[in-house]
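A.B. asks: structure, please.
(2 chains)
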2 protein chains.
Amino acid sequence: MSDFVMLAHGSGGTLGHELVQRVFLSHFDDPALGALEDATGLDLGDRRGPVVFTTDSYVVQPLFFPGGNIGKLAICGTVNDLSARGARPLYLSVGFILEEGLPLEELEQVVGAMAETARRAGVRIVTGDTKVVERGSADKLFINTAGIGVVRSGVSISARNARPGDAVLINGAVGDHGLAIMTQREGLRFQSPLQSDCAPLNGLVAKLLDDGIQVHVLRDPTRGGLATTLNELAESSCVSIEIDETAVPVHEAVRAASELLGLDPLYVANEGKMIVIVPGEAADAALQSLRAHAEGAEAAIIGRVGDGPAGRVTLRTVLGTHRLLDMLAGEQLPRIC
Amino acid sequence: MSDFVMLAHGSGGTLGHELVQRVFLSHFDDPALGALEDATGLDLGDRRGPVVFTTDSYVVQPLFFPGGNIGKLAICGTVNDLSARGARPLYLSVGFILEEGLPLEELEQVVGAMAETARRAGVRIVTGDTKVVERGSADKLFINTAGIGVVRSGVSISARNARPGDAVLINGAVGDHGLAIMTQREGLRFQSPLQSDCAPLNGLVAKLLDDGIQVHVLRDPTRGGLATTLNELAESSCVSIEIDETAVPVHEAVRAASELLGLDPLYVANEGKMIVIVPGEAADAALQSLRAHAEGAEAAIIGRVGDGPAGRVTLRTVLGTHRLLDMLAGEQLPRIC
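C.D. replies: Next comes the predicted model:
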């Protein structure tokens, strides 16, 4: 078998079967996948609360970056979207679009990272598909994952649930993922190496709920960063949100790289962060709960929900002035996820 | 707003939101999508039999072809994979990867076809995602769909269930999709224009089950065609299969185009065909049931399952001789779906 992806790997014939056996089934070892059926049966068993469903495609460039690769990202992103509904992620599908000529070794590294991240998150990869396109018709490797989760009973988390008086928290520093990708892409080197925060957050969310925190809203601030996601939430909930600039955690290396590149960390993508909105009186308990989890060690209360104009997000700056925090306009960092 | 896809449409910011509103939500009108949540709640309601899950990516080139386009294909393919498990398809996710510069008019046509096909199939598009890559990093438009269906109680359909003595049927003529794509791509014109058979087959499968036919195996012969899919089934069920060449329906235009292009219709992809395997004594009833449905008017009994070497598929030719029908080796038609 060749060491590179060939068009015939996408044929549905013998070479395609070899690729599935050699690369995919050797890492994705779920018995459901091994059955090679067109569609996979799911056991939602006794956990049948409301079922939630999500999908994302991943086109990040470069494929490998400090702190992860496109495969790890493709698992984390979808696990986090399910987690943002308060769901326990159970099952994932994976769809690969491969460019002819991709080294199989790179594909294996990506697939290995997917398998490892799925194990870590406790989610099963149960169905998949591979397509191959001619050289020049795609950039190496794109991945789609779709995910299914079950919401625990009594939990109702939605982008519409923020209420005036609620507190806004985040589980750690913003901008790490986007800046790690950006500096890698530009070939820049910094004293403190930047690392993507790419991580599955279902454990963090489960802990919040286990600790009895009454969570109103969860959302992971990916493309467009914290500022854009807060705008979406303020719109969906018909509330205003005020953020305290000094309270938003930003790593020193991210701050330095942002200045150099002329970027605002509040608009830079994250892949291991969750915005958490809870009733004001639950803010301290939520902060403690987050900080007690590995993915929340740097958690902070960063602002509050108000009853100002629906959809307005403002930033109280270091200087004590207020400025409007708009949604991202234009494109800052293409192919960040 | 520009008439072409721009990188900023993938930013997660204002332009991305405009694209979602203008192109996607104007066609995909499911209230679940309009809620703009990260993951969508599903109501599996009283229909809760076993749940099945599947995914496919679509990279067909050209995007538009006689009988359909990539959007129609992306709905049919996933609906048919769910149908092949005897499931009622309920929910789809859609993920778009767009190349910078794609005319929005083409995107709208594709999205419109998806919405129409989903309505026709009675399946809901409930969650989605869009990514944009720079010009030259993808070929116009790729789509991933994932699907969830519920199997009706008492039904157990699997690639492993073929038994010696079973009859093998197909719901119509083979090779239409692949030849329609191929001749379109080569700029060939034939007297009888070739049309893709691209169609959702959940209604056909529901009718078979409603008619009380005891179905052992269903599978749609897409990439690799009828011959490759029969090989997969013979392997999964540990049986041999013998096909009667004269019994396999092939449209005259497909036969002519195949000869011209040096292709074998048995290895050419279909997108509206289902292999149906039933107990020998149920063959006639199954044939009648299929023929009574619009998508089965040309159905035929094409062969039988034997107890020969596991995985062996043979063809009884027009001349009465037998030849081995192997799995497709190499690539016949890249980017056929």
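A.B. asks: now the end-to-end length of stretch A:132-140.
C.D. replies: Using CA to CA, to the nearest Å, the end-to-end distance of stretch A:132-140 comes out at 10 Å.
A.B. asks: does chain B sit close to it?
C.D. replies: Yes - residues of stretch A:132-140 contacting chain B under CB under 8 Å from any CB of the partner chain: A:132-134, A:136-139. (Each C-beta comes from the backbone N, C-alpha and C, glycine too.)
A.B. asks: domains of chain A?
C.D. replies: Dividing chain A into domains by automatic domain parsing, as the record does, gives the ranges A:41-151, A:167-324.
A.B. asks: what mean pLDDT would you report for the first one?
C.D. replies: It refers to domain A:41-151. What domain A:41-151 shows for mean pLDDT is 92.
A.B. asks: quote the end-to-end distance of that domain.
C.D. replies: End-to-end distance of domain A:41-151: 19 Å, with CA to CA as the criterion.
A.B. asks: now swap in the longest one and tell me
C.D. replies: Distance between the boundary residues of domain A:167-324 (CA to CA) amounts to 19 Å.
A.B. asks: how far off centre is that domain?
C.D. replies: Taking CA atoms, centre = their mean, to the nearest Å, one finds the center of domain A:167-324 at 13 Å from the center of the full chain.
A.B. asks: quick one: average confidence on it?
C.D. replies: 95.
A.B. asks: is that domain positioned near chain B?
C.D. replies: Yes - Domain A:167-324 lies in contact with chain B when judged by CB under 8 Å from any CB; the contacting residues are A:219-220, A:222-224, A:228, A:232, A:236, A:269.
A.B. asks: which residue ranges of the stretch 1-150 of chain A form helices?
C.D. replies: Chain-ordered helices for the stretch 1-150 of chain A, with DSSP state H, counting those that start in this stretch as the definition, fall at A:14-19, A:31-34, A:70-83, A:104-121.
A.B. asks: beta partners for the nearest residue to A:Y91 once chain neighbours are set aside?
C.D. replies: Leaving out its chain neighbours, the residue that sits closest to A:Y91 by CB to CB, 6 or more residues apart in numbering or on different chains is A:I148, at 4.5 Å. In this structure, A:I148 bridges to A:F53, A:Y91 when assessed by DSSP bridges.
A.B. asks: residues in contact with A:I148?
C.D. replies: Under the criterion of CB atoms under 8 Å, 6 or more residues apart in numbering or on different chains, the contact partners of A:I148 comprise A:42, A:51-53, A:82, A:89-92, B:53, B:148.
A.B. asks: all strands for chain A, in order.
C.D. replies: For chain A, the strands defined by DSSP state E occupy A:40-42, A:51-58, A:64-65, A:68-69, A:87-99, A:124-133, A:141-151, A:167-170, A:217-219, A:240-244, A:275-278, A:300-306, A:313-316, A:322-324.
A.B. asks: now those in a markdown table, with distance to A:S26?
C.D. replies: Written out in a markdown table, the entries for the strands of chain A read as follows (distance: least, CB to CB, whole Å):
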| stretch | distance to A:S26 |
| --- | --- |
| strand A:40-42 | 18 |
| strand A:51-58 | 21 |
| strand A:64-65 | 20 |
| strand A:68-69 | 18 |
| strand A:87-99 | 14 |
| strand A:124-133 | 13 |
| strand A:141-151 | 18 |
| strand A:167-170 | 38 |
| strand A:217-219 | 35 |
| strand A:240-244 | 46 |
| strand A:275-278 | 38 |
| strand A:300-306 | 42 |
| strand A:313-316 | 47 |
| strand A:322-324 | 52 |
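A.B. asks: can you check which of those strands gets nearest to A:L261?
C.D. replies: In this view, the strands of chain A are compared for proximity to A:L261 by CB to CB, and strand A:64-65 is the closest at 15.4 Å.
A.B. asks: which strands or helices does that closest one pack on?
C.D. replies: With contacts defined as 3 or more CB pairs under 8 Å, 6 or more residues apart in numbering or on different chains; DSSP states H and E, the secondary structure elements packing on strand A:64-65 are helix A:176-186.
A.B. asks: pretty sure A:A180 is touching A:P66, no?
C.D. replies: Yes - between A:A180 and A:P66 there is a contact under CB atoms under 8 Å: 5.1 Å.
A.B. asks: number of residues surrounding A:D284?
C.D. replies: Using other CB atoms under 10 Å in any protein chain shown, A:D284 has 12 neighbouring residues.
A.B. asks: okay, and the beta partners of A:S57?
C.D. replies: Judged by DSSP bridges, the bridge partners of A:S57 are A:N144.
A.B. asks: and for A:A180 and A:P66, which residues touch both?
C.D. replies: Counting by CB under 8 Å, 6+ apart, the common neighbours of A:A180 and A:P66 are A:194-196.
A.B. asks: of those residues, closest to chain B?
C.D. replies: Closest approach to chain B among these (CB to the nearest CB): A:S196, at 16.8 Å.
A.B. asks: still on that earlier bit, tell me which of the domains of chain A sits nearest to B:G311.
C.D. replies: In terms of CB to CB, the element of those nearest to B:G311 is domain A:41-151, at 21.9 Å.
A.B. asks: what's the nearest residue in the stretch 1-150 of chain A when you look at chain B?
C.D. replies: In the stretch 1-150 of chain A, the residue found nearest to chain B is A:G12; the distance is 2.8 Å by CB to the nearest CB.
A.B. asks: wait, that residue sits on B:T222?
C.D. replies: Yes - between A:G12 and B:T222 there is a contact at 6.8 Å, judged by CB under 8 Å.
A.B. asks: the more surrounded of these two?
C.D. replies: A:G12 (27 against 24).
A.B. asks: so who does that one touch?
C.D. replies: Under the criterion of CB under 8 Å, 6+ apart, the contact partners of A:G12 comprise B:222-224, B:228, B:269, B:328.
A.B. asks: middle-most residue in chain A, spatially?
C.D. replies: Residue closest to the average C-alpha location in chain A (CA atoms, centre = their mean): A:G77, at 3.0 Å.
A.B. asks: hmm, A:S57 and that one touching each other?
C.D. replies: No - the pair formed by A:G77 and A:S57 falls short of the contact definition of CB under 8 Å, at 9.4 Å.
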